[in-house]
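Q: I need the structure of the sequence given here:
(one chain, ligands or ions: 2)
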Amino acid sequence: MSGVIEELRHKAAARLDPVHRDFFDGGAGAETALAENERAFRRLALVPRVLRGAGDPDTGVRLLDDRASMPVVVSPTAFHRLAHPDGEHATARAAAAAGTVLITSMASTTPVAEVTAAARAVRDDAAVWFQLYLQPDPAVTDALAERALRAGCSALVVTADSPVFGRRARDDRNGFHDLPPWLAAENMRGLPGGPPDATRDIAMSPRLSWADLRRLREATPLPLVLKGVLHPQDARLALDEGVRAVIVSNHGGRQLDAAPAALDALPAVVAAVAGRIPVLLDGGVRCGADVVLALALGATAVGVGRPVVWGLAAEGEHGVRRVLEELREETAHVLTLCGAADCAAMTPDQVAVRGRGVGGC
Ligand SMILES: Cc1cc2nc3c(=O)[nH]c(=O)nc-3n(C[C@H](O)[C@H](O)[C@H](O)COP(=O)(O)O)c2cc1C
Ligand SMILES: O=C(O)C(=O)c1ccccc1
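A: Ligands and ions are numbered 1, 2, ... in the order given. Presented below is the predicted three-dimensional model:
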């Protein structure tokens with residue numbers, strides 16, 4: 001783990017209410033998938049190429065219609081005002097300052113229009129994508145998509161790995177199941193069929209299918225990104241449905257505890273997609289070498305969830321900036337050491353399994 005991220009993780013742990021710390025840090029079941037996400041990176045090594053004269057690397061990437069200054073985006077995480085009073089405003093400013101994409105959660109404690117406004121106040125072309133759980137009532141899904149569009153979001157990230165909410169032992173033990181009364185999931189206010197001046201619950205449903213995704217694609221002009229893909233066949237189906245990018249993710253180990261590490265699922269999804277759309281990955285990314293390993297295995301970019309929450313809880317906007325700047329600097333440094341001129345220059349033959357020989361091709 002990057003020293004800066006480790007420092008902020010400790011500082012966050014000391015500052016947060018232990019119940020909230022467990023909500024942010026915890027995973028489903030025995031937390032196997034959570035632990036495996038980080039461990040999967042440790043099992044792999046990067047094999048540098050030498051004397052390539054690649055110069056200082058360009059860390060920028062294109063993501064749909066947006067540009068990011070680095071191949072690291074902010075993954076959607078719920079309830080930022082539980083981590084810090086500045087909440088999503090702070091995260092949005094930090095992501096905009098770093099020049100990267102913020103995927104803002106449907107379960108944010110700040111309305112999406114305020115999130116985009118905070119980002120745009122820092123940089124007028126700041127990219128914000130809106131994460132969405134398809135709701136059983138299509139009118140609710142459409143109202144959320146419309147809000148995101150009006151707020152200036154440039155993509156909808158549909159999270160598909162949550163047919164039910166994961167069972168999280170830490171939250172059960174702590175009795176944490178809801179926000180304190182002074183906070184709410186603000187995007188859920190004033191939606192069709194909901195209470196006029198309170199929030200609707202976020203629904204998760206095992207009855208949702210590709211037909212619901214198709215319906216949303218036809219209802220919104222925004223490009224759709226599918227988050228929570230682990231099976232290569234689902235990546236193919238996503239392509240067939242006109243999805244514009246997929247995010248390989250086990251939800252940070254918070255849903256199916258028996259799921260593979262995100263990194264272990266990446267190569268098969270990359271092969272299935274065959275370069276037709278970008279493949280992103282999140283789960284366990286904690287330093288620049290992790291970012292570059294994912295790039296070498298075919299990811300266009302990675303997302304970070306908990307590191308951003310730790311930065312936020314520890315030092316507000318400044319802490320999130322530190323996390324993102326550290327990841328950018330480390331990524332550039334590792335790319336340089338690997339002889340890569342840019343993010344696309346890393347190739348799978350530059351990845352070796354620790355303790356085994358280096359294959360090459
Ligand atoms: C506290 C917390 C809240 C999260 N909330 C959401 C969410 O609202 N929507 C979503 O799609 N994913 C959510 N996730 C999953 C993240 O988007 C991401 O997949 C995961 O955190 C990546 O793993 P990492 O934390 O190891 O970087 C959440 C994760 C955490 C830790
Ligand atoms: O905690 C999560 O992982 C998550 O995705 C979520 C979704 C809705 C409300 C709160 C958290």
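Q: residue ranges for the helices of the stretch 251-361 of the chain, please.
A: Along the stretch 251-361 of the chain, counting by DSSP state H, counting those that start in this stretch, helices occupy 262-273, 288-296, 306-337.
Q: How much space separates the closest residue to ligand 2 within the stretch 251-361 of the chain from F23?
A: The nearest approach of the stretch 251-361 of the chain to ligand 2 comes at R254, 4.3 Å away (CB to the nearest ligand atom). Quick note: C-beta positions are derived from backbone N, CA and C, even for glycine. Distance, R254 to F23, using CB to CB, to the nearest Å: 10 Å.
Q: Need the overlap of contacts for these two.
A: Residues touching both R254 and F23 by CB atoms under 8 Å, 6 or more residues apart in numbering: R168.
Q: For the spatially most central residue of the chain, give its distance to P232.
A: In the chain, the centroid-proximal residue (CA atoms, centre = their mean) is S75; its distance is 2.2 Å. S75 sits 21 Å away from P232 when distances are taken as CB to CB.
Q: what does P76 give?
A: According to CB to CB, P76 and P232 sit 23 Å apart.
Q: between those two, who's got more neighbours?
A: Ranked by neighbour count (other CB atoms under 10 Å), P76 and P232 place P76 first, with 24 against 17.
Q: how much space between L144 and G194?
A: 11 Å.
Q: Who has more neighbours out of those two?
A: Per other CB under 10 Å, whichever of L144 and G194 has more neighbours is L144, with 24 against 16.
Q: so that one is in which element?
A: According to DSSP states H and E, L144 maps onto helix 138-151.
Q: In contact with R322: list those residues for me.
A: R322 touches V4, L8, G311, E315, counting by CB under 8 Å, 6+ apart.
Q: Could you count how many residues lie near G242?
A: 13.
Q: what's the spacing between P196 and ligand 2?
A: For P196, the distance to ligand 2 equals 22 Å [CB to the nearest ligand atom, to the nearest Å].
Q: same thing with A127?
A: Distance from A127 to ligand 2, counting by CB to the nearest ligand atom: 21 Å.
Q: what do you get for V122?
A: V122 is 26 Å from ligand 2, by CB to the nearest ligand atom.
Q: how about the residues of this protein near ligand 1?
A: 24, 37, 75-78, 105, 107, 131, 159, 227, 249, 251-252, 254, 282-285, 304-306, 309 (CB under 6 Å from any ligand atom).
Q: Please check those residues and keep the buried ones.
A: 24, 37, 75-78, 105, 107, 131, 159, 227, 249, 251-252, 254, 282-285, 304-306, 309 (16 or more other CB atoms under 10 Å).
Q: Closest residue of the stretch 101-250 of the chain to ligand 2?
A: For the stretch 101-250 of the chain, CB to the nearest ligand atom, closest residue to ligand 2: A107, 3.7 Å.
Q: how near is the closest residue to that residue other than its chain neighbours to L266?
A: Of all residues not flanking A107 in the chain, A78 sits nearest, at 3.6 Å (CB to CB, 6 or more residues apart in numbering). A78 is 24 Å from L266, where distance means CB to CB.
Q: Might you list the low-confidence residue ranges for this structure?
A: The chain contains residues with pLDDT under 70 at 360-361.
Q: Strands along this protein, start to end?
A: 44-46, 61-63, 66-68, 72-74, 102-104, 128-132, 156-159, 224-229, 245-248, 279-282, 301-304, 351-353 (DSSP state E).
Q: hmm, who's touching the first one?
A: If I follow you right, that is strand 44-46. Residues from elsewhere that reach strand 44-46, judged by CB under 8 Å, 6+ apart: L263, A289, V292, L293, A296, V334, C338, Q350, V351, A352, V353, R354.
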